[in-house]
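Trainee: Next comes the sequence, and after it the predicted model I'd like to discuss.
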Amino acid sequence: MTKYTENGFAKISNLFSFDELKPIRDTISRIVYFQAKKSKLEYCLNGLSEEQYPHEGLIRITKEDKEASRQIIDKIMVNSLVFNFTVQKKLLEVIKTYLHAEDIKDICFTNFHVRVDLPHEFKKEEEIFSLPWHQESNYFHKNVAKLSSIVVWVPLYECKESDGCLEVIPGSHLLNEVKHSEKYMLPEQKKHLRTYIEDKYIDKSKSTFAEANEGDVYINHFNLIHKSGINVNNKVRYTLLIRASNTNADDFII
Ligand SMILES: O=C(O)CCC(=O)C(=O)O
Ligand SMILES: [Fe+2]
């Protein structure tokens, strides 16, 4: 906890075992399998074990049929098992601690999201979804207590620098809210608006990669300056992002 107060982020090593992650991974395999069948792309899964469906399987499908790939990603995002995983007692207890909440009953989910980051070879998709330097507090203005809200960052597989793990600036949460600029990732269509902190305000010499082994989880303060890394591997990065707040905090706004 001292480290979290100083750095604005903390790694909880080995929070989840392989067995605890397996049901959610199997669900992703199942979603990939059924979409492949539906889109007549079964051949994309030939020679692969079910464990490879979320990675090589999805990559092959994306190369063949972008729409099928998008449907898989959308189905993962709304899968009930993913929600179940999020509300498990173990995670709520961790969230309670970092929010300084009195009871898990005081926790609210400001936002919940599943990220599916394809390898960098799919550059066009990657650039749209990859997030430049920012603070969470600049993106969320409702159901939040910005002085204490957190992002629980849960990679579903090992996530190292080459997998595109987060890059963070330790201690940057102490700057409070920093000025953000705005740009559209697709300017012609005015789509995917991003607010971001310009590089000139970032002390790159301090940045570090928040690498995770299987089962590790990060807790990031809402004012921590961070950005998405680049996935240069031939694996897909799957991450749950749980944004949580204490509804009893003095600065909580609905
Ligand atoms: O997991 C990531 O790449 C970062 C996502 C992120 O920072 C966000 O969604 O706010
Ligand atoms: Fe973020």
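Mentor: That came in fine, so what should we check first? Ligands and ions are numbered 1, 2, ... in the order given.

Trainee: What is the neighbour count of Phe140?
Mentor: Phe140: 17 surrounding residues under other CB atoms under 10 Å. Every C-beta, even on glycine, is put in place using the N, C-alpha and C of the backbone.

Trainee: Identify the residue nearest it in space, chain neighbours excluded?
Mentor: Thr110 (5.5 Å; CB to CB, 6 or more residues apart in numbering).

Trainee: mind checking how far Gly47 is from Lys89?
Mentor: Distance, Gly47 to Lys89, by CB to CB, to the nearest Å: 40 Å.

Trainee: One more: Met77?
Mentor: 23 Å.

Trainee: higher neighbour count, these two?
Mentor: Neighbour count, other CB under 10 Å: between Met77 and Lys89, Met77 has more, with 13 against 8.

Trainee: Now for the closest residue to the more buried one other than its chain neighbours: which residues touch it?
Mentor: Distance criterion CB to CB, 6+ apart; nearest residue to Met77, sequence neighbours excluded, is Val114 at 4.7 Å. Contacts for Val114 (CB atoms under 8 Å, 6 or more residues apart in numbering) come out as 76-77, 82, 238-241.

Trainee: go on, Tyr157?
Mentor: 21, 25, 163, 214, 235, 237-238.

Trainee: Near ligand 1, which residues of the stretch 1-150 of the chain are found?
Mentor: Within the stretch 1-150 of the chain, the residues that sit near ligand 1 (CB under 6 Å from any ligand atom) are 115, 131, 136.

Trainee: tell me the SS of the second one?
Mentor: Assigned by DSSP: H, G, I helix; E, B strand; the rest coil, the conformation of Leu131 is coil.

Trainee: would Leu241 count as being in a helix?
Mentor: No: secondary structure assignment (three-state DSSP) places Leu241 in strand, not in a helix.

Trainee: any idea how far Thr208 is from the closest residue to it other than its chain neighbours?
Mentor: Nearest residue to Leu241, sequence neighbours excluded (CB to CB, 6+ apart): His113, at 4.6 Å. Per CB to CB, His113 is found 23 Å from Thr208.

Trainee: same check, this time on Tyr43
Mentor: Taking CB to CB, one finds Tyr43 at 42 Å from Thr208.

Trainee: between the two, who's got more neighbours?
Mentor: Thr208 (13 against 10).

Trainee: Tell me the residues of the stretch 151-254 of the chain that contact ligand 1?
Mentor: Proximity of the stretch 151-254 of the chain to ligand 1 (CB under 6 Å from any ligand atom) is limited to residues 166, 226, 228, 239, 241.

Trainee: CSV for those, including distance to Asp251 and pLDDT?
Mentor: Output for these, formatted as CSV (distance: CB to CB, whole Å; pLDDT from 0 to 100):
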residue, distance to Asp251, pLDDT
Leu166, 25, 97
His226, 21, 97
Ser228, 27, 92
Thr239, 27, 98
Leu241, 22, 98
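
Trainee: related to what we said a few turns ago, now the contacts of Tyr157: which count as buried?
Mentor: The neighbour-count criterion (16 or more other CB atoms under 10 Å) marks 21, 25, 163, 235, 237-238 among the contacts of Tyr157 as buried.

Trainee: re the thing from before, which one of the residues of the stretch 151-254 of the chain next to ligand 1 is nearest to ligand 1?
Mentor: Checking those against ligand 1 with CB to the nearest ligand atom, the nearest one is Ser228 at 3.2 Å.

Trainee: thinking that closest one is in contact with Asp117, fair?
Mentor: Yes: applying CB atoms under 8 Å, one finds Ser228 in contact with Asp117, separated by 7.3 Å.

Trainee: okay, and the common contacts of these two?
Mentor: Contacts common to Ser228 and Asp117, judged by CB under 8 Å, 6+ apart, are 129-130, 164.

Trainee: would a markdown table of the contacts of Tyr157 with pLDDT and secondary structure be doable?
Mentor: Converted to a markdown table, those look like this (pLDDT from 0 to 100; DSSP: H, G, I helix; E, B strand; the rest coil):
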| residue | pLDDT | secondary structure |
| --- | --- | --- |
| Leu21 | 98 | helix |
| Arg25 | 98 | helix |
| Asp163 | 97 | strand |
| Glu214 | 98 | coil |
| Lys235 | 96 | coil |
| Arg237 | 97 | strand |
| Tyr238 | 98 | strand |
